[in-house]
Each structure stands twice: as C-alpha cells, then as structure tokens.
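**Q** below are the sequence and a predicted model; questions follow.
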Amino acid sequence: MTRTVVIIGAGVIGVSTALRLQEELAGKGDQVVLLDRKGVAAETSQGNAGAFAFTDVEPLAHPGIMKQAPGWLVDPLGPLSIPPSYAVKLVPWLLRFWRASLPDRYRASIVSQAALMKHCEEATERQIARTDGEHLIQRLGALRLYDSEAAFRASKHSWDLRDEYGIDYTLLHSPDEIAEIQPGLSRHFNHGGFTPGWHSTIDPKAWVEHLFAAFVQRGGRFEQAEVRDIAASDHEVVLKTADTTLRADQVVVAAGAWSHHLTKRLGDPLPLETERGYNTTLPPGAFDLRTSLSFGKHGFVVSPIKGGVRVGGAVELGGLELPPNFKRADNLLAKASRFMPGLDISGGTQWMGYRPSMPDSLPVISQSRRHKNVVYAFGHGHVGLTQSAGTAELAVDLLQGRKSLIDMAPYRADRF
C-alpha cells in the first residue's frame, strides 16, 4: 500500500528533508509532498550569509550573558537587542535562555552541538556529491577578527573548544599576518583566527533551488499552500489549507520561525523565538573578498555572495510581527565600510530574515510528544543551512523508525 508523507516548509531544512526522503523511497510508489505558503526558499533561506559553519559549536546562551541584558533594551542597534515593545512577551523565553546559560547546561549544549555539527558536515558532503552541487560551493575558509588584545584574550575559550573537537585553525597576531589571508582590512584589527574548513554556498537561494530541482526530478511534488490547521490520530495526519484538506500518513513540520504555531495545535507548545537578522548585499566589484569575515564583538559577518558582498548579522529578538528596523542594516554597513576601507557601499539591497531559535541554541529534531507520525525539524537559529543536510538524514531516520548515528535525546521536543 502506498503512503503519503507531507513536508511543511520549503526552506533549506524542508527541501533537504523532502529530497532525502524522496531518494530513500524511490521506486516504492510512496508520495512525498512539499508544502510552503510562499514558495521555495522564499523566507529566511534565501537571504542568509550562505555559510556552512561547522566550526561554530558554542551556544548563544553562555555563562554571564544575562549581565548584558539591560544593554539589549538600551541599544537598539547593538549586536544583540530587544525592542522594548516586545520585552514582556519575551520573558518566558529569556528565563529558559538564562537556565541554558548555567555552566552545566552550557557545557551539555556544546557537547550536543559538536556531535550534531560533525554529523552535519559529513551529511553535507554526501548531499553535495549526490546532487552534483560542487559548482555552488565556495571553500574559502573564514577569518574571525579582533580589534584589541583584550577581545582576543577573551576569545581564548572558543579556540580551546576548537582544539577539543579537532577543528583546524590558525591564530594570527599582526595586521600583516591577517593581510596575507585578506588584504584591504583596517590595520586596527591586530589579531585573528582563520578556520580553513569553513565553506559556503555562492548563493543560499540558488542552493535550495538546486536541491529542490533534484527533489522534483526524483518524483517529488510541490504545492504552494499555507497550512492553517493540523490534527493527528494514530492512522493519519489531517492538514487544512485555505482551499483544501490534505491527508497524510506522516508529516514533517519544518516551517522555521512559524513552526510553533503548528506544534501548539498538536499539543506541543514549544519555546521557539525569532532572531531577526539584517543584511545588505552589495553587487560584484564592491570588494576583493577572499574569505568569509567575522567581526566578533561587533556581531556581524561579511560573506561572498553571487560575486558580491553580503554584510549582515546581529540578533534582534523581536518576534514575527514588528516592522523591520533597517537602521540596523545601515549600522552594520557603516561599520563594514570603516573596517574595510576600500568597500564600495553603493547599490546595495537590504533584507531582513527570521531565524527560528530555541533557548539552548539546539534545534528540535524529534517526533511529536503525542503523535509518532509527526516529526519536527526546526529551531536551528543561525545554523539552519549548516545543519540542513544532517537534519534531513536524522528526520528521515525518525520517519522510518530506525536508530540514528548520533544520540537524539538532546534534540527532543520534550526537553523543555
């Protein structure tokens, strides 16, 4: 008997999961259907920094971070901010965030994130090979920059973590050493760290579209529709859109920052929040960018995208409804022009996206607590692209009822 599996969400997580499942079910007659309210890579997956950041294992919630909380309200343009009008709504999430920053939980999150990153790195190479996607990949490494001795010393723990997990890097101790990797930077930056294993896609939207084309070529089906209600029983999952009712044997919820609206209807009120990220994409010729750049304490990155330069990052915990504050993008671009004196900031395109984030910086990759025929795959924060191929493999393991290659307990929906 044929079965129908529906994936809700056509961002990089949903498309990767649909593709991996379609590959596995090839020739069995089962139907994999991908749904999205706007289209393929139409939300956060189209405008991110394009990085496969497998070296980033430290969670946002770290010991001592809550001491900075008053500044999040005072500085609307800071690296991490909370609009005052949203602060009260955020209190329950911030309490869990604070708990996640306690030393024992912080350490546990690092261990779990490192295990997931290792799996995702291997899964991404498998995905690139299976889809002939190497032409969309840039293997340029990443350079993290520090503009003071104190900032560099304060970063020691993050480099020690890389040592612990076998991540290759080189520390740089002068502007001249930095210039050998990336010329044209302000000599104000006197320390840095280069991770050669970091790579990225030339265009995150093109990457998701590439995976989607492989999904369709293998027999997958796409429908543009917004799921407005979901209900599950032991035998089926019923999805209601504006125009129709769909019935499926299994469902994967991979709707990014909107996922908790659906999980709540299934009896799983999960603490998913939205980190709003801003960027400006500059056209080709803006700067001779030879690697990805990260300006740590300033909270932004500079990435090579489509032959041009994308300047973006920072964290604004502001939910899904507030209007964008593009002064944040302006502020990041102004900083970039100071740090990269030859940067041509004309002709840029601004964008804002919604990063789906859990308090402990770990995603939810799990069966629903009440319905074994519903799988969750969301909450990846800054690293959705990074963890997409690995999440897809783990989600398919859950759908198929088999044991995964890593311990799945840290990513359970019931951990909160």
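**A** Nice, thanks for sending it over.

**Q** gap between the nearest residue to residue 134 once chain neighbours are set aside and residue 139?
**A** Once flanking residues are discounted, residue 134 sits nearest to residue 128: 5.8 Å by Cβ to Cβ, 6 or more residues apart in numbering. (Glycine included, C-beta is placed from N, CA and C.) Separation of residue 128 from residue 139 (Cβ to Cβ, to the nearest Å): 11 Å.

**Q** what about those two, which has more around it?
**A** residue 128 (20 against 11; other Cβ atoms under 10 Å).

**Q** and that one, that's in a strand?
**A** No - Residue 128: not assigned to a strand; according to DSSP: H, G, I helix; E, B strand; the rest coil it is helix.

**Q** residues of the helix or strand hosting residue 163 that come out buried?
**A** Taking DSSP states H and E as the definition, one finds residue 163 inside helix 156-164. For helix 156-164, a neighbour-count test (16 or more other Cβ atoms under 10 Å) marks 158, 159, 161, 162 as buried.

**Q** just the C-alphas of it, formatted as PDB.
**A** The C-alpha trace of helix 156-164 is given here as PDB (Å, rounded to 0.1, in the frame of the first residue of the first chain):
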ATOM      1  CA  LYS A 156      40.600  32.000  24.100                       C
ATOM      2  CA  HIS A 157      37.900  29.700  25.400                       C
ATOM      3  CA  SER A 158      36.300  29.500  21.900                       C
ATOM      4  CA  TRP A 159      39.600  28.500  20.300                       C
ATOM      5  CA  ASP A 160      40.200  26.000  23.100                       C
ATOM      6  CA  LEU A 161      36.800  24.400  22.200                       C
ATOM      7  CA  ARG A 162      38.000  24.000  18.600                       C
ATOM      8  CA  ASP A 163      41.100  22.300  19.900                       C
ATOM      9  CA  GLU A 164      38.900  19.900  22.000                       C
END
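
**Q** which parts of the stretch 151-300 of the chain are helices?
**A** For the stretch 151-300 of the chain, applying DSSP state H, counting those that start in this stretch gives helices covering 156-164, 175-181, 204-217, 259-265.

**Q** would you list those helices in TSV and tack on mean pLDDT and distance to residue 240?
**A** Formatted as TSV, the helices of the stretch 151-300 of the chain follow (pLDDT from 0 to 100; distance: least, Cβ to Cβ, whole Å):
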stretch	mean pLDDT	distance to residue 240
helix 156-164	91	45
helix 175-181	97	53
helix 204-217	98	24
helix 259-265	97	10
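
**Q** same list, those helices, but as a markdown table with distance to residue 147 please.
**A** Shown next, in a markdown table, are the helices of the stretch 151-300 of the chain (distance: least, Cβ to Cβ, whole Å):
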| stretch | distance to residue 147 |
| --- | --- |
| helix 156-164 | 16 |
| helix 175-181 | 11 |
| helix 204-217 | 28 |
| helix 259-265 | 38 |
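
**Q** which among those is found nearest to residue 291?
**A** Among those, the nearest to residue 291 by Cβ to Cβ is helix 175-181 (6.1 Å).

**Q** buried stuff in stretch 165-175?
**A** 165, 167, 169, 172.

**Q** no wait, stretch 187-204
**A** So for stretch 187-204, counting by 16+ other Cβ under 10 Å, buried means 189-196, 198-201, 203-204.

**Q** dump those to CSV, plus distance to residue 315.
**A** Listed next are the buried residues of stretch 187-204 as CSV, based on distance: Cβ to Cβ, whole Å:
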residue, distance to residue 315
189, 22
190, 26
191, 23
192, 22
193, 21
194, 24
195, 21
196, 27
198, 20
199, 23
200, 20
201, 22
203, 23
204, 19
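
**Q** pick out the most distant pair among the residues you listed.
**A** Between any two of the buried residues of stretch 187-204 (Cβ to Cβ), the greatest distance is 32.9 Å, for 190 and 203.

**Q** shouldn't residue 99 be within a helix?
**A** Yes - Residue 99: assigned to a helix according to three-state DSSP.

**Q** chain neighbours aside, what residue packs nearest to it?
**A** residue 105 (6.3 Å).

**Q** quick one: list the elements packing against the helix or strand hosting that neighbour.
**A** Assigned by DSSP H and E, residue 105 belongs to helix 103-130. On a contact count with 3 or more Cβ pairs under 8 Å, 6 or more residues apart in numbering; DSSP states H and E, helix 103-130 meets helix 12-25, helix 87-100, helix 388-400.

**Q** quick one on the thing from earlier: in strands only, show me the buried residues of stretch 187-204.
**A** Residues of the buried residues of stretch 187-204 located in strands (DSSP state E): 191, 192, 193, 194, 195, 199, 200, 201.

**Q** dump the residues you listed to TSV, plus distance to residue 208.
**A** Output for those, formatted as TSV (distance: Cβ to Cβ, whole Å):
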residue	distance to residue 208
191	36
192	31
193	30
194	28
195	24
199	16
200	14
201	9
